[in-house]
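Q: Return a 3D structure for these sequence lines:
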Amino acid sequence: MNPQDVPRPTDAELAILLVLWQRGPCTVRQVHEALIEGRPMVYTTVLKLMQIMTDKGLVRRDESERTHVYEVTRTEEETQRQLVDHLLDRAFGGSGPRLAMRALATRRSSPGELAELRQLLDELEEDPA
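A: Modelled structure (predicted):
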């Protein structure tokens, strides 16, 4: 499956992807245990979501052992890029600066984050390509 053809994850699927990005390949039970630390969720719901995610191409399942192990098919950065591109087009008319300004105005940034942003802006000004 072409990476551009992978559908955007839902909120519940994104929660599962976050666990897999943090922990690496996991069984459904391991993902379920990580998820219930933050909110109640039934094991069979996690299982069904992960089966759907496999069908959608968001994760792949290793069936070589009795307990199936799931791993992501795309990096966190690739998925973030896909989600940002979608938000950029739908809510900001394709304007990256408008998205960035809204994001910065919505939540307070730490001094370290602001320094990183300044560095990125300096780099973009030096090499606008």
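Q: can you count the residues close to residue 24?
A: 11 (other C-beta atoms under 10 Å). (Each C-beta comes from the backbone N, C-alpha and C, glycine too.)
Q: Sorry, wrong one. I was asking about residue 39.
A: Close neighbours of residue 39, defined as other C-beta under 10 Å, add up to 7.
Q: Could you do the one 10 residues further on as well?
A: As a burial measure, residue 49 scores 22 neighbours (other C-beta under 10 Å).
Q: Give me the distance from the strand or helix carrying it to the chain's centre.
A: Secondary structure from DSSP states H and E places residue 49 in helix 43-56. Remark: helix 43-56 is offset 16 Å from the chain centroid, using C-alpha atoms, centre = their mean, to the nearest Å.
Q: Then stretch 79-92?
A: 12 Å.
Q: which element is residue 60 on?
A: Using DSSP H and E, residue 60 falls within strand 59-62.
Q: what comes up buried for that strand?
A: Of the residues in strand 59-62, those with enough neighbours to count as buried (16 or more other C-beta atoms under 10 Å) are residue 59.
Q: now stretch 93-106
A: By 16+ other C-beta under 10 Å, the buried positions in stretch 93-106 come out as residue 99.
Q: hmm, back to that, for the helix or strand following the strand holding residue 60, packing partners?
A: Next along the chain after strand 59-62, taking DSSP H and E as the criterion, comes strand 69-72. In terms of contact count using 3 or more C-beta pairs under 8 Å, 6 or more residues apart in numbering; DSSP states H and E, strand 69-72 is assigned the packing partners helix 11-23, helix 43-56, strand 59-62.
Q: Show me what strand 69-72 is in contact with.
A: Strand 69-72 is contacted by residues 17, 20-21, 24-28, 31, 50, 53-54, 58-62 when judged by C-beta atoms under 8 Å, 6 or more residues apart in numbering.
Q: if you set the cut-off to 6 Å instead, what comes out?
A: 20, 25, 27, 50, 59, 60, 61, 62 (C-beta atoms under 6 Å, 6 or more residues apart in numbering).
Q: Out of the helices and strands packed on strand 69-72, which is closest to residue 83?
A: With C-beta to C-beta, the closest approach to residue 83 among those belongs to helix 11-23: 8.2 Å.
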